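K.L.:
Here is a sequence together with a model predicted from it:
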Amino acid sequence: MYLKKVTLLREKIPSFDRYPFTIPAVSQLHEISFTKEVSFFVGENGSGKSTLLEAIADKCEFNTAGGSRNNIYELQESDSHLGDYIRLSWLPKITNGFFLRAESFYQLSLHLDEVERDAPQPYLSYGGRPLHKQSHGESFMSLFHHRFKGKAIYLLDEPEAALSPARQLAFLRVIHDLVKGGNVQFIIATHSPILLGYPNADIFSFDGGSIHHTEYESTEHVQLTRYFLEQREKILAELFRD
């Protein structure tokens, strides 16, 4: 474990009537403590989970468009609105890691390919093929398999966006193998019931206007998915009723 706590510096906030403090879960935040190697942020779109994850990446000095401290490139609207108002508590402090955001992965992959192009063994870090010549899911998995290594913190924003259910299961194995080495920490914002099923992880819900611990079976994502699978015909009949 590396990142122990995130604290909102409430005394520095000029107004709670401005974004992102108009997000209920953010406005009610005081601090979050991390006690597990794998933690999930879960909640509806707009609930603040990606906003907080991006702010953590900003304070880690990762590129908030995606990447590590060493990935320097620009992407419009990639600045964090919350980073100046949180404090991270570490034990010990580390600088190695990666921030992955699904929505800007294409631009990140182009940047990573450009960096690799002139290397002695080009694209070795990604399985020997440029990321942009792989499918979306293949490039994600290449990055996970070849770039993710020990003693690091990994911040992932909706990684399931490019992963089929089978590849989500494969990604759980990637997480397991890295965690087993004892040198990594993951914080993952997700909607995926598959990823949320990682054993013994902490799940922080951003729904209901506050950030709070929840259990896997209690998440709306799991409950709704299960209900749909069990009552598909009934749900669709109601949904499409004139």
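P.N.:
Looks like it arrived, so ask away.
K.L.:
contacts and neighbour counts: CA atoms only from here.
P.N.:
Will do.
K.L.:
Flag the helix or strand of the chain with the lowest per-element mean pLDDT.
P.N.:
Within the chain, no helix or strand scores below helix 105-116, which has a mean of 61 by mean pLDDT, DSSP states H and E.
K.L.:
chain center to the helix or strand following that one: distance?
P.N.:
Next along the chain after helix 105-116, taking DSSP states H and E as the criterion, comes helix 136-147. Relative to its chain's centre, helix 136-147 lies at 15 Å (CA atoms, centre = their mean, to the nearest Å).
K.L.:
what does the helix or strand that comes right after helix 136-147 rub up against?
P.N.:
The first helix or strand that comes after helix 136-147 along the chain, using DSSP H and E, is strand 152-157. Here strand 152-157 makes contact (CA atoms under 8 Å, 6 or more residues apart in numbering) with 2, 50, 53, 57, 94-102, 183-190.
K.L.:
repeat for stretch 18-36
P.N.:
Contacts of stretch 18-36 (CA under 8 Å, 6+ apart): 1, 3-10, 15-16, 46-48, 51-52, 81-82, 185, 200-202, 206-211.
K.L.:
how about that stretch: buried residues?
P.N.:
The neighbour-count check on stretch 18-36 (16 or more other CA atoms under 10 Å) flags 20-21, 23-27, 29, 32, 34, 36 as buried.
K.L.:
Tell me which entries of those lie within strands.
P.N.:
With DSSP state E as the criterion, strands contain Ile32 from among the buried residues of stretch 18-36.
K.L.:
now the buried residues of stretch 18-36 as TSV including pLDDT and distance to Glu230?
P.N.:
Listed next are the buried residues of stretch 18-36 as TSV, based on pLDDT from 0 to 100; distance: CA to CA, whole Å:
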residue	pLDDT	distance to Glu230
Pro20	94	38
Phe21	96	38
Ile23	97	33
Pro24	97	33
Ala25	97	31
Val26	97	35
Ser27	96	37
Leu29	97	36
Ile32	97	35
Phe34	97	34
Lys36	96	32
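K.L.:
Among the buried residues of stretch 18-36, which are located in helices?
P.N.:
24-27 (DSSP state H).
K.L.:
Mark which of the contacts of strand 152-157 are part of helices, please.
P.N.:
Short answer: those in helices (DSSP H) are 50, 53, 57.
K.L.:
Model confidence at Lys93, what's the number?
P.N.:
pLDDT, the model's per-residue confidence, is 88 for Lys93.
K.L.:
Identify the residues contacting it.
P.N.:
2-3.
K.L.:
Dihedrals phi and psi, it?
P.N.:
phi -70, psi 130 (degrees, to the nearest 10).
K.L.:
Give the other helices and strands that the top helix by length along the chain contacts.
P.N.:
If you go by DSSP H, the chain has its longest helix at helix 165-180. When contacts are defined as 3 or more CA pairs under 8 Å, 6 or more residues apart in numbering; DSSP states H and E, helix 165-180 sits against helix 136-147, helix 193-196.
K.L.:
Name the residues of that helix that are buried.
P.N.:
167-168, 171-172, 174-175, 178-179.
K.L.:
Determine the angle, from 0 to 180 degrees, between that helix and strand 152-157.
P.N.:
Angle of helix 165-180 versus strand 152-157, following axes from the mean of the first three to the mean of the last three CA atoms, to 10 degrees, is 150 degrees.
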